[in-house]
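Participant: based on what follows, work out the 3D shape:
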Amino acid sequence: MNHYKQILYAVFFVLFALTACEKDPFEGVDNFLFDFSLQDGNGNIFDGKITDNIVQFSIPANIDLAKLTPKYRISELATISPKPESVKDWSAEQTFTVTSHSGSQRMYSVKVEREEVELNENVNLRTEEDVAAFAARKIDVINGNLTIGAPSGTDSIANIDALAGLKEVRYKLIVNPTFKGELKALGNLESIGSLTINGTPEGLSEITLPKLKYIQNVFSSQSNNINRISLPALVSAGNISVTSVQLTEMALPELKEAEVIDCRLPFLDELNVRSLETINTLLLDGSTLYSDPQKPTPTIKKIAFPRLKEVGEMRVSTLKELESIELSALVQAGSISLSNLPVVTSIKLDALKVVESKLYAESNSSSYNKVLQLFHAPLLESVGDINLQAFTVLKSVKLPMLKFADGFRITPSVENWEVPKLEEVNHLNCYNYVPSFFENLSRINKLDINESSYEGEADLSHIQIDGDITIIRCFGFRKITLPQKISSFELNYASNSSATQLPEITGLEECENFSIRNAPGVTEVVLPVSLKKVNQQLYFYGGALSVVGENLQEVGEINISSNNLASMSFPNLENVTGRLRLFGKFLETIHLPKINTVGRLEIGGSYSGWQNEKLTNVGFLSTLSSVETLEIKFCKFLTDYSGFKRAVESGGITESIWNERTVHSNAYNPTFDDLKAGRYVKED
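Facilitator: The predicted structure is shown next:
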């Protein structure tokens, strides 16, 4: 009975199952690509990453994409078209359609990106076999150095076409002098650590690397065989250093930034750096080395840096045919030096605001620029040191916004200086005094006026002058009005005996030093009536017969060197803190009615052959009360020392300073005991 029951239950179960299947039939709507891989002949499997119906592969560049076998998995009962097995080249993007059992479709794209193949070692290619062996490895990136050619010898390589796939050399790319070919095969290079051309490779006449974007460190070449350099994609470089007596063209049209460009190119005809924006050092030199048998002249007529905004140091020199320099976007420079550019007629500095160090135009006498007449920097506000002496026919300098200059040279040819806002100059060197230049100046530290042809008055009274004023070989000044207080004043006639009269000097009340030098034709020296105090030295060297300082009250030292000096008059002088030197063969009249103290007193002549032949007494020192040291010697007729009576009696002259070493070789040489005993005058 139980057996029959079991059979009955089984029948019921089968009938129930068949009834359930009829209620849930297979729909076949899925159309998915679950995974996709590619396998090479060596068993390497590359799995694709499926995202948003895109299958992405990353496969090394040395894998042959034409020899890859696909493997994939799709939804149950779905189909894929075209068949992946039919694809012969996976380098191109492929599109596949997955169709479900029910007929719905889904499209998938398969994309293959190539991974660069890196080699982490240095590569030395000295033979053709070395090149072939390297090429077989299909390397894209060398994470080391690449050296082409042997450093010396005659046997080397000439063909490097097998390197065409190379994209990057992360350290040094070195081309040795034995290399006999060109570098065109490196046309796919995009980045290098540095490029060095050693010596003069025989077959290398041109460097053209069309895809090179980055030189991380140095590009250096001193090869005289190279006549053209073209790096049209280069955007950034470290140090570019090129010397060649053959190079005529250098094209770096996309270069935006560099640390250094240093080029000596005596045959340069064309330079393209139109995109350069910032550089630390920019040196362009057209001169040759002393050993060069030729004396070529660069024919380049224009250099333009239309986008350059900032430069550290810029030097352009010895480009004998250069006519135009364009720096229209330059805002800030460390220094700018233009030298030996004899035919430049245009310099554009439209945006320049700051030159931290020097703005110079210098030349040797054979390369003076005799054509440029206008120098204009409309926005320049501050400059370290400006000197345009190489432009010998320059007529007008327009610097309307300039407020400060550390150094400024006024050149003799310039007739119009437009500097309406210039307030402060640290060192002003004038080779031509132009009154309008000084109108708005409020402060100068040091002023030199040299060889100025100006005739008339110079008013400097409104300027704070902290340092020295030196005027040399300027014979046309009739009057000089000075500030009340300065450091030092020097008027130097450079031994010109035709200059016989000093200008009237007014306004000055106090200074550290005051000197008239090398003035053999000036016989009368009259100090400024306003001058009351000279803290250090009052000095005169020349042919003066008389010196007058009407209101001078205190001085550090008086030193007058004149063979013909006959008289001195300082009617208000009270104190000489240092040396009072009263030397002169013909010195006879000395007027010091208020003299009170002297640091060191010297009277007489220099030696027995050059004695004072006029002084008989020192009555001009009758008001003297104190002397620290003294020397009285070689006074041929001096017999009366009564002028020292007050100083002796007050203790201002002591035995320690008056002895046979300090008073000697005179007509009368009294001892200190003689003075104490009242024997001031020599007895007959």
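Participant: only C-alpha atoms from now on, for both contacts and neighbour counts.
Facilitator: Noted.
Participant: so residue 162: helix, strand or coil?
Facilitator: helix (DSSP: H, G, I helix; E, B strand; the rest coil).
Participant: with adjacent residues omitted, what lies nearest to it?
Facilitator: Among residues not flanking residue 162 along the chain, residue 135 sits closest, at 5.4 Å (C-alpha to C-alpha, 6 or more residues apart in numbering).
Participant: shouldn't the one you found be within a helix?
Facilitator: Yes - read with three-state DSSP, residue 135 is one of the residues of a helix.
Participant: now do the contacts for the closest residue to residue 319 other than its chain neighbours.
Facilitator: Take residue 319 and drop its neighbours on the chain: the residue closest to it by C-alpha to C-alpha, 6+ apart is residue 286, 5.1 Å away. Residues near residue 286 by C-alpha atoms under 8 Å, 6 or more residues apart in numbering: 264, 265, 266, 267, 268, 297, 298, 317, 318, 319, 320.
Participant: again with residue 447
Facilitator: By C-alpha under 8 Å, 6+ apart, the contact set of residue 447 is 427, 428, 429, 430, 465, 467, 468, 469, 470.
Participant: 10 Å - rerun?
Facilitator: By C-alpha atoms under 10 Å, 6 or more residues apart in numbering, the contact set of residue 447 is 407-408, 425-430, 465-471, 489.
Participant: where does pLDDT dip in the stretch 101-250 of the chain?
Facilitator: Confidence mapping of the stretch 101-250 of the chain against pLDDT under 70 gives the ranges 155.
Participant: can you show me the helices along it?
Facilitator: 128-136 (DSSP state H, counting those that start in this stretch).
Participant: remind me what the helix or strand that contains residue 57 packs against, helices and strands.
Facilitator: Using DSSP states H and E, residue 57 falls within strand 54-60. Here strand 54-60 touches strand 33-39, strand 45-47, strand 49-51, strand 94-99, strand 105-115, going by 3 or more C-alpha pairs under 10 Å, 6 or more residues apart in numbering; DSSP states H and E.
Participant: so where's the chain uncertain?
Facilitator: Residue ranges of the chain with pLDDT under 70: 1-26, 155, 289-296.
Participant: could you chop it up by domain?
Facilitator: Under the assignment automatic domain parsing, the domains of the chain span 33-115, 116-204.
Participant: quick check: closest non-adjacent residue to residue 277.
Facilitator: Excluding its sequence neighbours, the residue lying closest to residue 277 (C-alpha to C-alpha, 6+ apart) is residue 308, at 3.9 Å.
Participant: I'd like the distance between that neighbour and residue 273.
Facilitator: In this view, residue 308 and residue 273 are 9 Å apart by C-alpha to C-alpha, to the nearest Å.
Participant: and if you look at residue 126?
Facilitator: 35 Å.
Participant: cool, residue 136 as well?
Facilitator: Taking C-alpha to C-alpha, one finds residue 136 at 38 Å from residue 273.
Participant: picking that back up, of the domains of the chain, which is nearest residue 589?
Facilitator: domain 116-204 (79.9 Å; C-alpha to C-alpha).
Participant: and the closest one, how far out from the chain middle?
Facilitator: Relative to its chain's centre, domain 116-204 lies at 36 Å (C-alpha atoms, centre = their mean, to the nearest Å).
Participant: residue 520 versus residue 499, what's the distance?
Facilitator: Taking C-alpha to C-alpha, one finds residue 499 at 8 Å from residue 520.
Participant: likewise residue 341?
Facilitator: 41 Å.
Participant: the helices in the protein, which residues?
Facilitator: 2-23, 128-136, 645-649, 672-676 (DSSP state H).
Participant: ok so, going back, would TSV of the contacts of residue 286 with neighbour count and distance to residue 414 be doable?
Facilitator: Listed next are the contacts of residue 286 as TSV, based on neighbours: other C-alpha atoms under 10 Å; distance: C-alpha to C-alpha, whole Å:
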residue	neighbour count	distance to residue 414
264	22	32
265	28	33
266	28	32
267	23	34
268	27	32
297	19	30
298	23	29
317	21	23
318	23	24
319	29	24
320	20	23
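Participant: I'd like those as TSV, with distance to residue 503 appended.
Facilitator: Formatted as TSV, those follow (distance: C-alpha to C-alpha, whole Å):
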residue	distance to residue 503
264	51
265	53
266	52
267	55
268	54
297	50
298	51
317	43
318	44
319	46
320	45
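Participant: so of the residues you listed, which ones are in strands?
Facilitator: Using DSSP state E, the members of the contacts of residue 286 that fall in strands are 264, 317.
Participant: which one of the contacts of residue 286 is nearest to residue 443?
Facilitator: Checking these against residue 443 with C-alpha to C-alpha, the nearest one is residue 317 at 33.9 Å.
Participant: so who does that closest one touch?
Facilitator: Residue 317 makes contact with 264, 283-287, 337-342, 361-363, according to C-alpha under 10 Å, 6+ apart.
Participant: return the distance of it relative to residue 515.
Facilitator: For residue 317, the distance to residue 515 - C-alpha to C-alpha - is 41 Å.
Participant: over to residue 667?
Facilitator: 33 Å.
Participant: higher neighbour count, these two?
Facilitator: Of the pair residue 667 and residue 515, residue 515 is the one with more neighbours under other C-alpha atoms under 10 Å, namely 19 against 16.
Participant: touching, that one and residue 493? I think so.
Facilitator: No - at 11.2 Å, residue 515 does not count as touching residue 493 under the criterion of C-alpha atoms under 10 Å.
Participant: count the neighbours of residue 450 for me.
Facilitator: 19.
Participant: that one bridge partners, please.
Facilitator: residue 472 (DSSP bridges).
Participant: quote the end-to-end distance of stretch 438-451.
Facilitator: 18 Å.
Participant: going forward can the numbers begin at 36, since that is how I track them
Facilitator: All set: I'll call the first residue 36, so the last point we hit is now stretch 473-486.
Participant: higher neighbour count, residue 376 and residue 555?
Facilitator: residue 376 (26 against 19).
Participant: residue 353 is in contact with the more buried one, correct?
Facilitator: Yes - using C-alpha under 10 Å, residue 376 is in contact with residue 353, at 5.8 Å.
Participant: what touches both of those two?
Facilitator: 321, 398, 402.
Participant: distance check, the first one against residue 375.
Facilitator: When you say that, I think you mean residue 321. According to C-alpha to C-alpha, residue 321 and residue 375 sit 10 Å apart.
Participant: intersection of neighbour lists for those two?
Facilitator: 351, 352, 353, 354, 355.
Participant: contacts only, for the fourth one.
Facilitator: Pointing back at residue 354 there. So residue 354 contacts 300-304, 319-322, 332-337, 373-379 (C-alpha under 10 Å, 6+ apart).
Participant: skipping its backbone neighbours, what lies nearest residue 647 in space?
Facilitator: Nearest non-adjacent residue to residue 647, counting by C-alpha to C-alpha, 6+ apart: residue 620, 4.0 Å away.
Participant: hang on, the one you found packs against residue 668?
Facilitator: No - the criterion here is C-alpha under 10 Å, and residue 620 misses it with residue 668 at 12.0 Å.
Participant: what is in contact with these two at once?
Facilitator: Taking C-alpha under 10 Å, 6+ apart as the criterion, residue 620 and residue 668 both touch 639, 640, 641, 646, 647.
Participant: filter the contacts of residue 482 down to the ones in strands?
Facilitator: Among the contacts of residue 482, the members found in strands (DSSP E) are 442-443, 460-465, 500, 503-506, 524.
Participant: how about the strands in the stretch 236-385 of the chain?
Facilitator: 241-243, 249-256, 263-265, 271-278, 284-286, 292-299, 305-307, 313-320, 337-339, 345-352, 359-361, 367-374, 381-383 (DSSP state E, counting those that start in this stretch).
Participant: let's have these in JSON lines, adding distance to residue 188.
Facilitator: Shown next, in JSON lines, are these (distance: least, C-alpha to C-alpha, whole Å):
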{"stretch": "strand 241-243", "distance to residue 188": "22"}
{"stretch": "strand 249-256", "distance to residue 188": "20"}
{"stretch": "strand 263-265", "distance to residue 188": "26"}
{"stretch": "strand 271-278", "distance to residue 188": "24"}
{"stretch": "strand 284-286", "distance to residue 188": "30"}
{"stretch": "strand 292-299", "distance to residue 188": "28"}
{"stretch": "strand 305-307", "distance to residue 188": "35"}
{"stretch": "strand 313-320", "distance to residue 188": "33"}
{"stretch": "strand 337-339", "distance to residue 188": "40"}
{"stretch": "strand 345-352", "distance to residue 188": "38"}
{"stretch": "strand 359-361", "distance to residue 188": "45"}
{"stretch": "strand 367-374", "distance to residue 188": "42"}
{"stretch": "strand 381-383", "distance to residue 188": "49"}
